[in-house]
Structure formats: C-alpha cells, structure tokens
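Undergrad: got a structure for you, letters missing:
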C-alpha cells in the first residue's frame, strides 16, 4: 500500500533507486504456460534505453534484464517472475551539489518533507530510470495479450514543445529517435539542438493506442478501465494531463456528435476512445498524455536549501532535454499493464470474454 | 476487486442501481472520535441533488441519507459507517423502449457484452445517480480533513459547451445553478435553454481545488497523489480528460518557466498543481476535468439492438442536458476522498505530517 | 483495510452494531447470471437465528434479509449485492451497568484502548450478531459453488465442554439444536441445563467439511487455501484453535503414515484434509475449530473500570451459554467464502479448473 | 493477489524457486529512518540456515543476503527494500526421478493440476527454502517493533514426534539444534538418529511468543489480530494446526475459568493468549503450531505418475527429517510480520498507540 505495486491481479512490484545496486520488479499473477525469455523483455527495454541519440540523456546503461524466477524451460509457471537490472553507470558525484538543496520542479522538496530522509543520487527513487522495470513488466503483459486476444500496443509523439506533429503513418515511428509518425524529423532535431544549446527543456504530447481489444474489460463503478488508464498515465514521471478519446475537445461537442452511433457493421466513430461506462467497447483504446518539460536544466533557478535559506540551483549531470522523447515505449507498457490486469479481473468474475454478441465492434478513430 | 470500492485505507464501497430499492455505501477505516451526523452529510448531498433548477434532470429525489452504523452518540467509533439512501422517484416505464437496444454513448452495449445481463432501468448501475453515495462519503472525508489539517475543497465550472467562463470569485459559485464563479450567468441560462429546445446536450469543464493541504501526502512510485486524483476524476461518469496544474499547456512550456522556483517565503508559482514527484507540496491542489455531453438526448440516433439489428434510439426520460452542471460537488468529494486516503497512508508509514521543515509552502496559482 | 472486508475477489464488506439500526453486508465480485432470492439467503440465516431453543440466547430476531441491489429479475447482475438486516429486538438497558467497566473475556478492554470510544450496547461491533451478514454472504457463495462445481458444505459439533460427541451420521445434524451428528442428544441437553443453572458457560469443538471440491484452488506462497481457512475460522468470535486434516495429531505421526498415498483410483487417506502445498487436492476439506466458553456469564467476575478502579462484573442480558451451539452454520459460511474467493482467483490466473488430469481424486477421511 | 505478498501495509512480496538462480523479497511500506544493514538480517537467516547440525538437511546454503534498494547511508528511506539471496547449492539431478510422479504429502499433485506445468527441482516454489525471504523480512519488522515499542519475539519447540518437551527456560533455546527450552537434549538426539536410520520422519509442535506488545493492535471484524496470526502460521509449510492462548483446551474450560479477570495491576491470567475481540490486550501473544512429519522420506511410498499410472516413490535428496526443527525462527518472523502490519494499520486509523489508559496490562501465562 506504499504505492510501489501496480495492478490488482497482474501485480508488478517495482524496486530500486537510480544509483543503488539494482532496479527491478516482481510480477505476481502471470498466467502459467506463457512462453517467456529475457530476449522478449530486452526488446522493449532497448526501445526505452538511454544514450541512443543526442537528444536524450548520455547515461550509458545496457539495462540488461535477468529473470530470477517464475520461468521454467522457457515458460511461465504461474509463480512470481522476478526481473533484475543492475545499475552500471552511476556518477553520483554529479549530484553532490544538490544534496542539501531542492531542485525546482523535482521531487526533492516533497521527499524530504514526507520521509525526513532522501537519497539524492540521481533523483533516487523519483528518477525516471524506475520506468525500466515497468517497461519490462509491460513486455510480459503484451506477450500474453497478443497470444490470448491479438491485442497490440503502440505509441507515438504528437507534439514536441510548441510544434504539433502531424500523423502520417505508424510505420515511421521506429525510424526516428522521437517516436514521431512522420518521415522527416529534421525540424524536431533542429528544435532540440537549439533547446539544448540554450540550457533549457520542453514538453511533449504522446498518443497511445491499443488495437485488437476484447469487449467487456473494465469494472464499474470506480475501477473503470479509463480510470485505471488515467491512473497509470498520470503516475508516469512528468505527466500533467490525460485524455481518453475526444478528451478535452468533448467539452465543446454536442451530444448529437459525441455519442458514437452504431450499425450492424460496428461503431461509426470513436469519440469514446474505446471505453463506455468504464468498459471496453472493442474499439481501439485511444489515449493522449501531456508531459511537462524536464526539470533538470542547466539554467540557474532560484530555490532554497533544507534549512530554508535561499540558494541557486543548476542541474548538471546527464539529463533528457525532453523526457517525452523516451516516453512512448513506457506509455505502451503502462497501457498494456492496465489492459492485462482488467483481462484477468474480467476472467475472474465473468469467465471468458463474450464473443459473437452482435455487433462486431470495428476500430475507428 | 470488482471496482466498487474506492480507496485503500479510507475505503468506500458503493452499491445500488438507479431504479432499485436503495443506493448507498459503506465507509471502512474512518478514524474514531470524529463528530458526524446525517445533517453534515445531507448538506453535500443537497448540493448534488437533482430537480433544483430547470437546467438539470427533473427527477425529484430527496436523497435523504440514513446512517446505519459506525456512529455512537454523535461520534464515529472506528467501525464501518453504512449510509443508506432509498430511491423514491423511479419511473421505470420510461425505459421500456430501450431494454433491447443500445443507446449511443451509453454503457448499455458494454454492460451487455461484459455481463450477459443488464438492468436497463435508468441506466441501472451505470447511472450518474450512483455518485450520490460518493458525495456522502466525501462529506465524511472533508469533515475529518478540515478538523485535522484545515484542508478545504471547492469546485467551479470553467467552461460550458463552447463558452469559456472567466474566473471572477469563488463567492459566486453557490449563487447560481451552474457552480459558475461569475456574478451574471444569464448567458449560460440562454445557452442551456436553446440546447434543451434543440433536444441536444453539451459538455463542461470543471476546476477542482484543495487548499490548506499538508505537505508530504502521496506515494511514489505508482500511487502518486496525482495518479490517484486522475483515477478518481476519470472514474466519474462522462469525464474524458484530467489535468493537474498546468496540464496540457505544459507541453509547450519551457523548463525555465514550468518548474516552480522556491524562496524562503514559499513557491513562486504553481504550475505543478500542488504535486511534485507524486507527493503534495502544500500548495493548493489544482485539477481540471473535461466532461462529455450527455448521451441521453431527445434527438434520434442510429444504433442496433441486442440481436445486431439496426434501430433508432430516442432517449426519453428525465435527463441532465449537461451532466457537468451537477459535477462540481461530486468532483470535490472525489478529491477529498483521494486526499483522505493518502493522509491515512502517510500516517501509517511516516507518522504525523512533518511541519516546520523550511520553507512554509504558500498557496499560489 | 480496517478489516471489515472478507475476500479479495468475492469481497464481503460487513457493517453494523448489535444494537444499531441495522446490520448487513455488501458483496462485490459475484459472477453475473446466478439465480438469487431473499428466500435462498434466509434459509441459512434461519439456521443461525437466535431464540430457537432453550440452549441459546432468547433474543428474538427475525433476521429478515432485504436485497438492496445487484439482483435483477431473479438473477445477479455482476454489480454489488447489498444485504440489509434491520435490528428489531434491542434491549440496550440491559447493558447500562457495563458502560464503564470491562467484562473479562470480552472485547471491551481492547476496543476502549484501541479507539478511545466504545459502543457498549450488546457488545456493539464485537457482538457475535455480526456473524449474520457473514452467513448471508456465505449463502450466495454456496449457491454459486454448488451450481458451478457441485461443491457442498456442512458442519457439526464434535465436542461440547468435556463431552466428546461421537460421529454417527450427517443426517442427524438438522434434527437437534446442537448440530450434533447423533440421534440421541439428551446427555447434551442435561449438560447445558446444569451449566445454565450454575450461571456458567462452556466451549465446543466444531467440524466443518466441504465436499465435491475442485482440484487446484489455493495460492502459494502465503495465501494458501489452508492459510485462508485458518484466517476465516480464527476470525470467528470465540475461536481459539484451528486444525486442517490430522491437525495437532500430525505432530506424533510418522511421515510413512501421514503422507496420503495415491493409486489410480485416488488418494488412500486424507490426513492432509484436502490441501497439499496450499492447494486443494479435490478431496474433502476437513477443518476443526475450538470455541472458547462464552464470556458473558451470570457468575460475578473481578474486573476494573475505565478509570482503572477494581469492580465486579455480572453479565446480565440474554446470552448463549455455549456460543459453539450456533457456530456450525457460520463455520460453513466462512468455509464457503474462502473456497469461493479462491475459485475466482484460480479462474483469473489459470482459467477453468483442470479436469480429467489423472487421477480422479476421491474423498476420504 | 496470487498470494505471494504478505501484509497489507508492511507488504512482503516473495519470489523464487528452490533451484532457480535466486530467491528474495521486496518489502514495501517500511517506515523511513530505521537503521538497517545486511548484518542485522543475516543474523536471523543464519538461525534458519540448513546444514548446521546432523538433524537437518545437509544442503549447504550460505543464504547471504544483499540489500538492493531502500536503504541509504545505513537507514531505510521509506522506499521498497529489495532483498536478494542467490541459490548456490542446487543438485537438480537428485530430482530427476520425480519429474513425472507425485510424491505423497507433497505439492506435486496440486501444482500440476493447478498450473498444468511444474518446476520439479527441489520442490520448486513449494520448497521450504522459500521461508528464507520471510525470515529476512521478519528481521526488518523485528528491528522496527523493538525500536518503537520494545516488542520482542521468540519461539521454542514443545513437542518432537511423541515426545513432549517440558519448558525449563528460554535461555536454553539457542544452545541446542532443536530450539528446545531444556538443558539436556540427548533424548531428542537419539530419537532423531533412530528416525533417520529408519528412513522416516516426524512432526513437531512449536510455541511462539511476542512480549512487550502494545495494546490495541488488530482489526475487527475479519482481520482480527489472531485471524491474521492463524493465516500466517497455517501458511507456513507443513503446519496443520494453530492455537492462540488456551487453544483447543478452551473447549473443556468453563467461562468462569477461561475469561481472564482484571485487577488494577493487570490481567490475572492469559488464556486469551494476548488477544480479545481480535485486538491485542498488551499481554504476551501466545501461539502454538502443529507441524506435520516431513513428506520427503527414504521409505518407498505408493503413488501415481502424471499419466495416472501406479508408481513407487522414494524421495532421495537432502531433506530435514523433521521440518519442525528449523521452524522456530520462521514462526517468530511470521508473528513479527503480523504485528508489524497491524501496528501500521493501527497508526493509519487511530494514530499513536494509546498508553496510560488504565490498567497497565501485565504479561502472564
């Protein structure tokens, strides 16, 4: 209940600090008999890994995952799957200057007041590095959901700072360091280069999607599928906003427009984003998140120290000038974890997913 | 785990259907010794109650609450507080026509596919009527938080359909049926009258605030305070988007602007919305939510029936043309429930809230 | 987390005090489509009901249950089932004398120290009356388990005070007020009459059994099926000991005797009590519990009051001279709730129960 | 919810298999600021360690624990504490013969039917080796409880097979391999030698005690302190019975005897075992458990294989002829985990433990 476990039936317990010996997680509740290997998990970890382009932190972490338990002869056994990632590239001296002062926009101030003690090395527990075990767990969820229902997850960047990114094609996403769905990312590269030179940072907007969704996942009243998606996304470091389907645009829509009408062939639109009354419709889940600009910047900021005295903070070290750039695979993983958990919850109460009930839901946006 | 319990330590288990004998909730985990009466709870229920202006549903429900347990001689005893609200004004015949067809934008389709059975009377379990027990539970949380920390909650409407509502003063909110922070609401009255005449509906945007917040509430990693706020708000019927602090505007902000700097007198801005690293800073919590247009409208919509055959749906009955109008007290209650739960979670792990650690956080937006 | 909810997937939240307006529970997680009526639940409540023989409390409570939600046209809908039982025969004046003193063997002392406030009327929340909602919830679980797997539950008394009760036949159990599996209960009637005359009370031992068990229910490592059974039984008022299968007798057994050997026709004995490694074998679950003598007795006892001053306590009012007499239907209900919860947990992780895997387990003791 | 997490606020998630790469646990919810080192944890692990006398398994495992997270500069930070123990002495070939057959008294049969897949090496997940992480977590709980309340835990053997062990003095317990509270253990050594020679095994009875208990821990209604103790103890491998206080002897006691009377100096007896109404009285917690004879024995047993065919099983490998011998430190750890969890739950709802309320509870048996 201290908030380090994600999910109720597919439970991921995350541990570790940015500069401690290791980070990792324990997945409890994974169905038995699922083919699983370190390679499958490593694939998603590599997509999140730092140091892969000049636009992200230059920390070099192989993020090599070791499966400690729960897998026997290449298959899950139904017992806890412990995943371990050793930290290898810690440069704790970078952080000596901020041991006693609170970096604006960071968790330093709140951790100090909550716990009365704080591991300042690399942000300690509040570091975005702790999203790596989440990604690893998400890879396991994806593996099961694809095998069971054919459900798949993907994410892309739709805005970088002030620059909106038009949607061209999902196929472009793996071909550029921005996870942008466009062929030409030169404008974004220049934008980031200028920002880095200025010692500043910017935010981003990410779109996340699940396709091949089963109908009927989600629990009314409180644990709606969209409520849990919002929880998952807002819990990701630096996220300040979450939308499902039409999102904030729905405020200005009319009921005659917003409510997705139905025909025997399926839904005619997807303003709902794949969720009605908290339960999946079978349409694509459509989620959008707002990521704030990185708080670790080279420009000096006013702050105070732990004694309440004024001070000035410059955050050296190796940081992402836009944390949103590496957010796409993490957001995918979070969406997969939510769907996975609700798939098991549905199965517990209602048995197998009901198929063949008219009409066939079609995926539209 | 079927999603009808809110909270982990201050647990609210909600039950009931729109047209069943009763709705209500059981609150488990309330600290003992808190003064509590039906009148305290009724006050907030009355703010949410239907039938109070021509702009909301004309269903006449007194929503009179009865305390069944957990209170002895005017004080909570630490045992479960059961709250009962009898349904009195059900007109189930209004719903006969939609027993076998799925209303666009409603939960009919998803409940049917999830459960294979559906109580169609008034939306059954998916009705917004089920927010009443949430409001009742929120009143208990508010009572404790005010006594313990001086924390207070309020909400107002900031947009109605296309009309943005400027912020004038919190004092106006109780004086108009829109919970609008303005003196003159005639424009909104005309807007709603026209909409109702057209058989259509619109969305709304609501701002929710907690002031007098203790520092240190919230749990990293997953159960961040803002993550749980997003969960609570997105779980409210018809909500499609949630923002904390600067929200989606933070995408286009620079790090030099977004990160709230500190002085010995406190924070100099509140783009964070009162949360850093998932933990409260002591500043005001600032939350904004998007509510979609009501799906129950008089205009005919294309749909299908449970056999997959095409049909046309007109939703008669007594509905809110903008469900956002009555959302303010519900959103307050949800925010109070989240803060309450995290207050108890903090106390479990860390003991009393740490006060006197420099600097004193000031509330700003 | 305040301990008033039983189960993780089939969740029963219990509320009420002995002399408050009502007691009851909310069942969350019940599968949809289960035939359910008040009559089905009332049947088990009537078996537990007070006032039915001279050997139990003379409090006259009809314990009439009302279903408030979760059932539509005679079937469960998958939404919470709220059950309400109004208290009708409270004589709170009986308890005036013990408002400020602690009755030996009762929860008065501990509630006072825990909460700093105590509802003294009839024991308030600590009254065995609160087992009624548990029995009601158990009736729902039994209904589903019988329909789904053919699992059935029964219990009988095997010892009354010093008197061991030989096992003759399950058929005798409903025919006497002791739930004794014997034809002639005259010895127990005389024993109880003498005890009552002496103003004293005695304990009892109850055997509980589930037959027609599916194989594979239970979770290693901590939430073993037998661990959860022990939790359920020890949580029943006045229980001081729990055994599974051979129980304490297994201490003196040899491994060559205790381990139940297997043949193609099934197990050859059932020392395990139907559980191996925390998971059901398909054999009968065999549980035995020790119930202490009733603490409410007419004989005067030394005690102290809330100011620490010595006092003498005589517990008037209407009490069971042996609370074990009415324990059989409650113990059945608790066992049913444990099995139900694990049935859903199994289904969540592993899908349907695996049948046809050799060998067929046979039920033996 | 797959049963590998112990506790609700002080949560211990256990992972690993007997012959996998590693075992361990993640502790979530530990209060910050607690002095903690590997040496403190290792001390308890060494007391449980195999290979330390001829009466236990000869497997040589150093069980060296590594703290991976949650501790900074020798103190807990409030973030998850991950503990890792590498497996070093696996001899999986010992188990080749039982890959396809079910050992009587073991979890082989039930795991196979539950999961459809089974790691047979050393019992896989069902091995008693998995109690090591529980002991490690218990050491952390003990550390906090001693610092906070002065609570201490100890356990001893009170019966070995048919031999009852008289209680002489707690001081003897660390001086013999049986954890027996007697000076001369030669009778038990001869007993075990004979048993080992016969290829057989025996059970044991263990007494567990907590002293220096705070008053007021435990939650009515279901999560009573004694209910959770029973859950913890029955969840320990091979346990078949649990008693609190007078236990099964209370069946034959009279109410005039059993109910512990009170004087201004405290309770006059402790038949309750330190718990009334599910809440701690401040007296010593007194618990007794029955442990069945080891199922892994050299004597041949009738069984079947996974195809339902009859077979004979001889369990070679290195096993404890009485698993109860090493159970004392594990039972202590489990009791500490239960008390720890309830201490945090109490603090969440009721704040600090209420002291100075008359009378002072004294510890008696």
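TA: Yep, it's here. These numbers come from a predicted model, not from an experiment.

Undergrad: For the stretch 101-250 of chain A, just list every one of the helices.
TA: A:108-115, A:131-149, A:186-197, A:225-234 (DSSP state H, counting those that start in this stretch).

Undergrad: now the last one against helix A:131-149, angle please.
TA: So that's helix A:225-234. 150 degrees (axes from the mean of the first three to the mean of the last three Cα atoms, to 10 degrees).

Undergrad: ok, helix A:225-234 near chain D or not?
TA: No - on the criterion Cβ under 8 Å from any Cβ of the partner chain, helix A:225-234 is out of touch with chain D, staying 15.1 Å away. All C-beta spots, glycine's among them, are computed from the backbone N, C-alpha and C.

Undergrad: next one: the second one
TA: No - taking Cβ under 8 Å from any Cβ as the criterion, helix A:131-149 and chain D are apart, separated by no less than 10.6 Å.

Undergrad: May I see the helices of the stretch 101-250 of chain A organised as JSON lines, with mean pLDDT added?
TA: Output for those, formatted as JSON lines (pLDDT from 0 to 100):
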{"stretch": "helix A:108-115", "mean pLDDT": "94"}
{"stretch": "helix A:131-149", "mean pLDDT": "97"}
{"stretch": "helix A:186-197", "mean pLDDT": "95"}
{"stretch": "helix A:225-234", "mean pLDDT": "98"}
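
Undergrad: Burial-wise, tell me which of those comes out on top.
TA: helix A:225-234 (a mean of 30; mean count of other Cβ atoms under 10 Å in any protein chain shown).

Undergrad: could the helices of the stretch 101-250 of chain A go into TSV alongside distance to residue A:214?
TA: Putting those into TSV (distance: least, Cβ to Cβ, whole Å) gives the following:
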stretch	distance to residue A:214
helix A:108-115	39
helix A:131-149	5
helix A:186-197	36
helix A:225-234	11
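
Undergrad: Tell me which of the ones you listed sits nearest to residue D:239.
TA: Closest approach to residue D:239 among the helices of the stretch 101-250 of chain A (Cβ to Cβ): helix A:131-149, 32.5 Å.

Undergrad: how deep is residue A:39 tucked in, by neighbour count?
TA: Using other Cβ atoms under 10 Å in any protein chain shown, the number of residues around residue A:39 comes to 8.

Undergrad: three-state assignment of it?
TA: Here residue A:39 is recorded as helix under DSSP: H, G, I helix; E, B strand; the rest coil.

Undergrad: what ranges do the strands span in the stretch 151-300 of chain A?
TA: Using DSSP state E, counting those that start in this stretch, the strands assigned to the stretch 151-300 of chain A run over residues A:152-160, A:163-164, A:204-211, A:239-244, A:262-263, A:266-267, A:275-276, A:279-280, A:285-291.

Undergrad: which regions of chain A lie under the pLDDT threshold?
TA: Applying pLDDT under 70 to chain A flags the ranges A:1, A:90-96, A:317-318, A:355-365.

Undergrad: residues touching residue A:329, list them.
TA: A:44, A:47, A:48, A:135, A:155, A:179 (Cβ atoms under 8 Å, 6 or more residues apart in numbering or on different chains).

Undergrad: and which of those is nearest to chain D?
TA: Using Cβ to the nearest Cβ, residue A:135 is the member of those that lies nearest chain D, at 17.6 Å.

Undergrad: Would you agree that closest one is in contact with residue A:49?
TA: No - the pair residue A:135 / residue A:49 is not scored as a contact, 9.5 Å apart, by Cβ atoms under 8 Å.
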